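Asker: Task: produce atomic coordinates for the following.
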Amino acid sequence: MILTPNRRWPAIAGSVAAAALVLTGCSGGGGENGGGKTITWLVDNTENTITYAEQLAEDFHAANPDITVEIETRPQGGDGDNIVKTRLATGDMADVFSYNTGSLFQQINPEQNLVPLTGESYMDNVSESFKPVVTAGDDVYGVPVGTGSAGAVLYNKKVYEELGLSVPKTWDEFMENSRKIKDSGTAAIIQSYQTTWTSQLFVLGDFANVAAANPTFPEDYTANKVKYATDPAAIKGFEHLEEAYKAGLFNEDFASTTYAQALEKLANGEGAQYPILSFALPELKVAYPDQLNDIGLFPLPGDDPAKNPLTVWLPGGVYLPKSTENVDEAKKFLAFIASTEGCESQTAAVGANGPYLVEGCDLPEDVPTAVKDMLPFFEDESRNSPALEFLSPVKGPALEQITVEVGSGIRSAKDGAALYDADVTKQAKQLNLPGWN
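Answerer: Numbering: from 1, shown residues only. Below you'll find the predicted structure:
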C-alpha cells in the first residue's frame, strides 16, 4: 500500500531487559488493581516521552479511577524497533504501545498484529491528515500522541547574534555561517553519533528540498523508479553530510556524544547548530528552561532561496495489539489520548512543540521561540512537505548506521547512498511492493 495522505498537512490543525524498565511496578500484560484494572503502556525512553506519558496516565486515572495505566519503556532507534517487533511476534506486547507512523508502521504487520480502530467514535476527533499514516488495508489502527514536528536545524540565537549571522536560506549560506562559527572557537554543527538515529537528519530533513525539485519523487520511489544514489536532488543529503564532515565543522567528540549531551551543547552555546527533530524542544524546556527561548529553528537549506521549505513529521501513534486481554480499558485510554483533555494533559507536562492532530486542540500562546519559527511553514502548505516516510512505505532500517559512516568519513556519500538503496530494496521486497521483485 502507498501511503499518500488525502490532503497536505493542514494549517496549524505532527537487550529486552533494558527496555522493560517499569516506572510504576508493572506486570507484563495488565491485570486487576484493587477491584479495578491495570493496563500497561510501552513508550520510548526519552525524558520528554516519559514525562507526558506519566501525565496522561495520571490524568486518565483521575477521570477513570477504576483503570490504572502503568508505563514501560524501551530504547529509541533500531534497538527499540526490534523490541517492538519481537514483543508483537511473541504475543508479549503491553496492552497499548507507542510507535512510529508511516513507513515503520507498515513494517509491524498491522493487519496481523493490531486491533483496528476504524469504527470507534473517538476516531472522529483525529485529523484526516493523520489517518492515512496509521492505515493498512481498509482499517485505521492508531491515534496520535504528541504534536507534529519538523526535521530542521535548531540553532543558538545568541551565538548567531554575537557573530552577526543571518538565518541561511541556501546550503552555501549555511556552510558560510558554519565556517564563521568554527573560526570563532564554537562547534559549528553538533552531531551525536553515540545516539545513532540522530545521524539521519541531514538526509531525512532534506526531503522537502527533494520534493520541491521533484514533486513525484514519493510515487516514483515507491514504484522503484528513482534511487537516492542516482537522483541528483535525493543524494544531496548524503553529500551535505560528507561535506560538513570534511570541512571539520562538527564538534570534536561527535562520535561519542549522546543526544542528551548534544542538547546540552546547544543550550549552553558550546555548539551553534544541531540538525534534529524539533521534538527536542520539550526536552530542552525540561532540562534547560532558562535557555529555551535562546533556541531558534530553520529548515535544512537547499539550493533555492525562494523555496527554502521545511520537512515536517506527523506525530507518533498509539496502538492496541491483538494480544491484549484488556481491550475495553485500552480503548478508553486511546479515546482519552485523542481528546482535548489528552492534548491539555500533554501540554501541561511538556508544552507543545507543534500542532496537535486532534480536533479542537489549540496551541498555547507561550510556545517556545523555535515553535514560532516553525509556524509560518506549517501555515503555508507550499512551504512544507511531509517527510518521505509519511508519503511512501519504503524506508530501509540501516539508514542510521549508514549516515554515521558517511558523517564519520568511513564511507563516501555516493557509496552511502548506494548502500541505502540496497537496504531499501530488501525492505520493499519484504513488503511485496510492485516493481521490486
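Asker: buried stuff in stretch 87-95?
Answerer: Of the residues in stretch 87-95, 87, 88, 93, 94, 95 count as buried by neighbour count, 16 or more other CB atoms under 10 Å. The C-beta positions use only the backbone N, C-alpha and C, and glycine is treated the same way.
Asker: Check the gap between residue 274 and residue 376 for me.
Answerer: The gap separating residue 274 from residue 376 is 21 Å, by CB to CB, to the nearest Å.
Asker: same thing with residue 155?
Answerer: Per CB to CB, residue 155 is found 17 Å from residue 376.
Asker: Mind jotting down where the strands sit in this protein?
Answerer: In the chain, the strands defined using DSSP state E lie at 31-33, 36-44, 67-74, 96-99, 135-136, 139-140, 142-145, 149-156, 187-189, 271-277, 295-299, 310-313, 316-319, 384-386.
Asker: Alpha carbons of the third one, in CSV - could you do that?
Answerer: As requested, the backbone C-alpha atoms of strand 67-74 are provided in CSV (Å, rounded to 0.1, in the frame of the first residue of the first chain):
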residue,chain,number,x,y,z
ILE,A,67,-8.3,1.9,35.4
THR,A,68,-4.6,2.4,36.2
VAL,A,69,-2.1,2.8,33.5
GLU,A,70,1.5,1.7,34.1
ILE,A,71,4.4,2.7,31.9
GLU,A,72,7.1,0.5,30.4
THR,A,73,10.0,1.9,28.4
ARG,A,74,12.1,0.8,25.5
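Asker: which helices and strands does that strand pack with?
Answerer: Contact here means 3 or more CB pairs under 8 Å, 6 or more residues apart in numbering; DSSP states H and E; on that basis strand 67-74 packs against helix 16-19, strand 36-44, helix 47-63, helix 77-90, helix 327-337.
Asker: Likewise for the fourth one?
Answerer: Using 3+ CB pairs under 8 Å, 6+ apart, the elements in contact with strand 96-99 are strand 36-44, helix 77-90, strand 316-319, helix 327-337.
Asker: Residue 274 and residue 376: which is more packed in?
Answerer: residue 274 (26 against 11; other CB atoms under 10 Å).
Asker: what's near enough to touch that one?
Answerer: Residue 274 makes contacts with 153, 154, 155, 189, 190, 262, 263, 265, 266, 280, as judged by CB atoms under 8 Å, 6 or more residues apart in numbering.
Asker: Figure out which of the helices and strands packed on strand 67-74 is closest to residue 344.
Answerer: helix 47-63 (8.3 Å; CB to CB).
Asker: Can you give me the buried ones in the closest one?
Answerer: Residues of helix 47-63 classed as buried: 48-57, 59-61 (neighbour count, 16+ other CB under 10 Å).
Asker: Can you give me the pLDDT of residue 430?
Answerer: As predicted, residue 430 sits at a pLDDT of 89.
Asker: just the buried residues of stretch 87-95 now: which is nearest residue 132?
Answerer: Closest to residue 132 out of these is residue 88 (21.6 Å), distances taken as CB to CB.
Asker: Next, work out how far apart the closest one and residue 268 are.
Answerer: As judged by CB to CB, residue 88 and residue 268 stand 40 Å apart.
Asker: Check residue 69 too.
Answerer: 36 Å.
Asker: With residue 284 instead?
Answerer: Distance from residue 284 to residue 268, by CB to CB: 11 Å.
Asker: Need the residues touching each of those two.
Answerer: With CB under 8 Å, 6+ apart as the test, residue 284 and residue 268 both reach residue 291.
Asker: and the two? which has more neighbours close in?
Answerer: Taking other CB under 10 Å, residue 284 and residue 268 do not tie; residue 284 has more neighbours (24 against 12).
Asker: wait, doesn't that one sit right on residue 265?
Answerer: No - the pair formed by residue 284 and residue 265 falls short of the contact definition of CB atoms under 8 Å, at 11.5 Å.
Asker: For the nearest residue to residue 146 once chain neighbours are set aside, which residues are in contact?
Answerer: Excluding the flanking residues, the one nearest residue 146 by CB to CB, 6 or more residues apart in numbering is residue 315, at 4.5 Å. Applying CB under 8 Å, 6+ apart to residue 315 gives the contacts 14, 101, 130, 144, 145, 146, 147, 148, 149, 356, 357.
Asker: returning to what we had before: most tightly packed of the strands of the chain?
Answerer: Mean neighbour count (mean count of other CB atoms under 10 Å) peaks for strand 142-145 among the strands of the chain, with a mean of 29.
Asker: Partner strands of that one and their direction?
Answerer: strand 316-319 (antiparallel) (DSSP bridges).
Asker: what's next to the partner strand, contact-wise?
Answerer: 41, 96-101, 105, 110, 114-115, 133-134, 141-146, 334, 337.
Asker: try stretch 430-437
Answerer: Contacts to stretch 430-437, defined as CB under 8 Å, 6+ apart, come from residues 106, 107, 222, 223, 224, 225, 393, 394, 425, 428, 429.
Asker: Just to check, the second one is in contact with residue 427?
Answerer: Yes - between residue 107 and residue 427 a contact is recorded at 7.3 Å, counting by CB under 8 Å.
Asker: shared neighbours of the two, anything?
Answerer: Common contacts of residue 107 and residue 427 (CB under 8 Å, 6+ apart): residue 397.
Asker: could you pull out the helices for the stretch 301-437 of the chain?
Answerer: Listed in chain order, the helices of the stretch 301-437 of the chain (DSSP state H, counting those that start in this stretch) span 327-337, 340-350, 369-379, 399-407, 413-430.
Asker: Least confident of these, on average?
Answerer: Sorting those by mean pLDDT places helix 369-379 lowest, at a mean of 90.
Asker: Taking strand 295-299 as reference, get the angle to that one.
Answerer: Angle, helix 369-379 to strand 295-299, by axes from the mean of the first three to the mean of the last three CA atoms, to 10 degrees: 30 degrees.
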